[in-house]
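J.: here are the coordinates; sequence isn't available:
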DNA sequence: GCGTAGCGTCTACGACGTAGATCTACACCG
DNA sequence: CGGTGTAGATCTACGTCGTAGACGCTACGC
């Protein structure tokens, strides 16, 4: 907490004198800043978020925001952290089968993505800007937890890392697919027109045009589950074939790779 | 082509009189603009690309660029098109097995991503901003081609679409993983320090810290192949189980799902 | 010669991220 | 009580951004 009790009292006093502010001038803290930033992103998209606009929304000078984030980039990292705080991180101690836990995590991530579609680009691209070890600690929790889960399931550490990469790669790709499933004209009843597919030359895109109905009937949860089926089956196969097993679980099938 | 012969002559003449420009003032065209934009993105990242900077690099007033892209967003879409023009689109007529063709396409996409790491965020996020049918036509070619390939392999249209989504979802996720595999300190020999993992509390991230060597020894091509193995195996299973078969190929195993 | 298209130049607007100076209010201490 | 330090507000400012629009010039077609 940056504010102190007395400063808080002062804020309340000057709020009364200042007047006209719809947002009560309570002491500002990092979380309040991030929550408002997230609200604005959810409402208008990332591009519409500026420090000036955020400052105005919070009833503060934009320069004040730099007390809570050293730069706009760091603010965006904070928003990612805020959103990922709701991610149901897999716990190896749950007693559930590892694939059940992974599925739960996947659906939790999907729910977050659907709740905050405008944040998805941030979720997938912020990591590109920062080396692993320099990222906000909270965003590394899922990695640690998933690796821990998979090691507990019998994968060796390398195999667990491989499983993590497969899982997150697939998951990120899936939510990117799902979030982009928007329509050109929501009020249109004809699938071809709704999706804007009528623009495409029939000669060049016969398949795509013929898939209008299927495209419009997208079921993200089902797609996710089916993808996870394939992923889990593949990982299971690797585990039972001894390709990715850890020392504690190498009790059967020492098959050559 | 926007320029005409006579305008070209005029350009050459004023180039001689203008002086000082390292870039010869040939007639400007869309491709030249996009190629330069791509070069700048590759060199300095997307954020460093502005219309003013691009105009300067081309020896043109930035307002001139609007002749070739209606907005900066459209310019970025054009860069994506330019980059994807190099993608080896799967051809169903190749005679090769469908999974071989998919693998080839995946590696082609990966090569593109590695050649233009700064463009990867654009590759994965631009589609979020535009409904499918309104996207640049060239960026829809892979979809049409992959669906065509899978239908030719025996999937029904819906199953082919499902396979396309799985494939691209996984592929996008993979390249996002791979492009983010950067190090905090390239000159450091100790893996823990190279990746900046020493910053992480050992108590909270024992797995992650223990994986420094594996993290540093990332082999993207191998990861991609292993992921594709799993994906192809899963899709094959669906096909042979009759879950996703098209009418022309339903000659075996009418198994219940 | 006239009209028009293409192009260059320039001004301008609203906006951006953020540096830094100055001022105010309040808490704390001697 | 007075002085000092700190948090926060306010303000100016800089360089930069995307892009609108006015104006002028040149070349070409009719």
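T.: Alright, I've got the coordinates. Fair warning: this is a prediction, and the values are worked out from it, not measured in the lab.
J.: rounded mean pLDDT for stretch A:103-118, please.
T.: Mean pLDDT, stretch A:103-118: 95.
J.: okay, now the domains of chain A?
T.: Residue ranges for the domains of chain A, per automatic domain parsing: A:27-69, A:86-181+A:218-246.
J.: can you tell me which of those is most buried?
T.: Most buried of the domains of chain A by mean neighbour count (mean count of other CB atoms under 10 Å in any protein chain shown) is domain A:86-181+A:218-246; its value is a mean of 19. Bear in mind the C-beta positions are built from the backbone N, C-alpha and C, glycine included.
J.: possible to save the domains of chain A as JSON lines with distance to residue B:81?
T.: Below are the domains of chain A laid out as JSON lines (distance: least, CB to CB, whole Å):
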{"stretch": "domain A:27-69", "distance to residue B:81": "21"}
{"stretch": "domain A:86-181+A:218-246", "distance to residue B:81": "17"}
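J.: save those as CSV, and put in distance to DNA strand D too.
T.: Formatted as CSV, the domains of chain A follow (distance: least, CB to the nearest atom of the strand, whole Å):
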stretch, distance to DNA strand D
domain A:27-69, 3
domain A:86-181+A:218-246, 18
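J.: out of those, nearest to chain B?
T.: Chain B sits nearest to domain A:86-181+A:218-246 of all the domains of chain A, at 2.6 Å, using CB to the nearest CB.
J.: quick check, that closest one touching DNA strand C?
T.: No - for domain A:86-181+A:218-246 and DNA strand C, the contact criterion (CB under 7 Å from any atom of the strand) is not met; the two come no nearer than 12.9 Å.
J.: how close does the closest residue to residue A:158 other than its chain neighbours get to residue A:222?
T.: Leaving aside its chain neighbours, residue A:158 sits nearest to residue B:214 (4.8 Å; criterion: CB to CB, 6 or more residues apart in numbering or on different chains). Computed as CB to CB, to the nearest Å, the residue B:214 to residue A:222 distance reads 34 Å.
J.: how about residue A:132?
T.: Distance, residue A:132 to residue A:222, by CB to CB: 33 Å.
J.: count the neighbours of the residue nearest to residue A:129 when sequence neighbours are not counted for me.
T.: Spatial nearest neighbour of residue A:129, chain neighbours left out: residue A:73 (7.3 Å); criterion: CB to CB, 6+ apart. By other CB atoms under 10 Å in any protein chain shown, 13 other residues sit near residue A:73.
J.: per-residue pLDDT, residue A:73?
T.: Residue A:73 is given a pLDDT of 93.
J.: and residue A:202, by the same measure?
T.: For residue A:202, the model assigns a pLDDT of 88.
J.: and for residue A:154?
T.: 91.
J.: what sits against the closest residue to DNA strand C within the stretch 151-257 of chain A?
T.: Of all residues in the stretch 151-257 of chain A, residue A:179 sits closest to DNA strand C, at 22.9 Å by CB to the nearest atom of the strand. Contacts for residue A:179 (CB atoms under 8 Å, 6 or more residues apart in numbering or on different chains) come out as A:113, A:114, A:117, A:120, B:128.
J.: and the fourth one, what element?
T.: Counting by DSSP states H and E, the element that carries residue A:120 is helix A:120-125.
J.: surely residue A:175 touches residue A:110?
T.: Yes - contact criterion CB atoms under 8 Å: residue A:175 and residue A:110 qualify, at 6.0 Å.
J.: what about the helix or strand containing the residue nearest to residue A:129, near DNA strand C?
T.: Using DSSP H and E, residue A:73 sits in helix A:72-84. Yes - contact between helix A:72-84 and DNA strand C, assessed by CB under 7 Å from any atom of the strand, occurs at A:72, A:73.
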